[in-house]
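# Predicted model and sequence below, questions to follow.
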Amino acid sequence: MKKIVFMMVAMLTVAINSQGQEIYKEVKHIQESAEALANDTTKNLESRKIACFKYDAIYYLIDKATVEPTFTEYELGLQTDAMIEFVNYFVARLKVTDKAKDKDLLKAKFKAATINNSLFNDMDKELVYGYVDNDKFITQFSLDTDWVKALEEVKKK
């Protein structure tokens, strides 16, 4: 009986590790796609800037995942998916907002959601706020964001 339980645990561990590697590969593929779009001069500048932000946000997540022992590949996948949905939701909402005042309120709401939902509590504010105060990007979001929580916050209000 002990051998059977041990074999089942071993197989489950291999399956979880394999799944984690698949998630990591998918995240890297998403990052590479964002980088390709960011560098594609045939695309409009705003789309390229958004892709640049996505690339940097994924890079930040991967970088932090390598030094945070409790941050799993599964969490990396969840955070990456939530970040992409957050940015896409923001862009879609921004496109249908007409008044400048309403656009400013929308930007502030999304920016605040990223600042108020830190994932790693990174003290390098120059790095994590690199986009926050950059008027050249519409994605003025913190890189150190729990994207799942930030997405929930902007969708509930």
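Received, thanks.

# tell me, how many neighbours does residue 131 end up with?
Using other CB atoms under 10 Å, residue 131 is surrounded by 21 other residues. Where you see a C-beta, it was placed from the backbone N, CA and C, and this is true even at glycine.

# Make sure residue 138 is actually in contact with residue 110.
No. Counting by CB atoms under 8 Å, residue 138 stays clear of residue 110, with 9.7 Å between them.

# quick one: which of those two has more around it?
Between residue 138 and residue 110, counted using other CB under 10 Å, the more crowded position is residue 110 (25 against 19).

# Can you tell me the element that one falls in?
Using DSSP states H and E, residue 110 sits in helix 100-116.

# Next: residue 85.
In this structure, residue 85 sits in helix 73-95 according to DSSP H and E.

# what's the offset of that helix from the middle of its chain?
6 Å (CA atoms, centre = their mean, to the nearest Å).

# next one: stretch 148-157
The chain centroid and the centroid of stretch 148-157 are separated by 13 Å under CA atoms, centre = their mean.

# Contacts for it next, please.
78-79, 82, 85-86, 89-90, 109-110, 113-114, 116-117 (CB atoms under 8 Å, 6 or more residues apart in numbering).

# redo that, cut-off 6 Å
Residues outside stretch 148-157 that contact it (CB atoms under 6 Å, 6 or more residues apart in numbering): 78, 82, 85, 86, 110, 113, 114, 117.

# From residue 150, how far out is the first one?
Computed with CB to CB, to the nearest Å, the distance linking residue 78 and residue 150 is 12 Å.

# now do the second one
When distance is defined by CB to CB, residue 82 is 7 Å away from residue 150.

# Please identify which of these two sits among more neighbours.
Relative neighbour count places residue 150 above the other of residue 82 and residue 150, with 24 against 18, counting by other CB under 10 Å.

# Return the backbone torsion pair for that one.
Phi and psi for residue 150, reported as degrees, to the nearest 10, are phi -60, psi -40.

# quick one: pLDDT of the residue nearest the centre of the chain?
Central residue of the chain (CA atoms, centre = their mean): residue 83, 3.2 Å from the mean position. pLDDT, residue 83: 95.
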